[in-house]
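> Give the three-dimensional model of this entry:
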Amino acid sequence: MTKISIEAIRRLREITGVGLTDAKQALVATDGDFNEALKAMRKQGMTKADKRSERKARSGLIGGYVHDGRIGVLVEVNCETDFVAKTDEFKELVKDLCLHIAASEPQNVEELLQQPFVKNPDQTAGDYIKEHVAKLGENIVVKRFSRLELGETA
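Next comes the predicted model:
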């Protein structure tokens, strides 16, 4: 049996929002493989993000990004409270989603959530959002976005 470090348990707990015991059990079950433990927890729906998805998200931010004067993105990302919307972590999430939309050219929100995330292709954009749901403790929803590229035809 592999020794499980407290750092790995804490990291898994922060990402998923589960208790220490659940995080440790997942790591023990995967013989200490962090990525496999995270995948297993997501597959089982153990993350708190899955439980929060039914709560209403009516606050949030509209973020924007312009790349080299050629590509522009506006995205509306909703959360449950203004308190969370004003945190640096939420603002960073919105910024990262703008960057992702600019680079990946999704046609709709559902496609955006299924695409490999531009900053970490090992996870989807939806998984990246779920990580923030677990960290921030609120439901987070990408409501809509608009992407414009210079010279494209309608």
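> can I see the domain layout of the protein?
For the chain, automatic domain parsing gives the domain ranges 6-46, 53-149.
> chain center to the shortest one: distance?
If I follow you right, that is domain 6-46. 17 Å (C-alpha atoms, centre = their mean, to the nearest Å).
> Am I right that Asp122 sits in a strand?
Yes - assigned with DSSP: H, G, I helix; E, B strand; the rest coil, Asp122 falls within a strand.
> For Glu149, give me its contacts.
Arg70, Ile71, Gly72 (C-beta atoms under 8 Å, 6 or more residues apart in numbering). C-beta here means a position set from N, CA and C on the backbone, and glycine is covered the same way.
> bridging residues for it?
Ile71 (DSSP bridges).
> could we number from 22 for the rest of this?
New numbering, starting at 22: the last item is Glu170.
> contacting residues around Leu169?
Ile92, Gly93, Val94.
> can you do 10 Å?
Residues near Leu169 by C-beta atoms under 10 Å, 6 or more residues apart in numbering: Val87, Arg91, Ile92, Gly93, Val94, Leu95, Ala123.
> where does the protein have its least confident helix or strand?
helix 69-73 (a mean of 56; mean pLDDT, DSSP states H and E).
> What's the first helix or strand after that one?
Tracing the chain C-terminally past helix 69-73 and defining elements by DSSP states H and E, one meets strand 80-88 next.
> chain center to that following strand, what's the gap?
15 Å.
> Could you name the helices and strands sitting against it?
strand 92-100, helix 103-106, helix 109-125, strand 162-170 (3 or more C-beta pairs under 10 Å, 6 or more residues apart in numbering; DSSP states H and E).
> That concludes my questions; thank you for your assistance.
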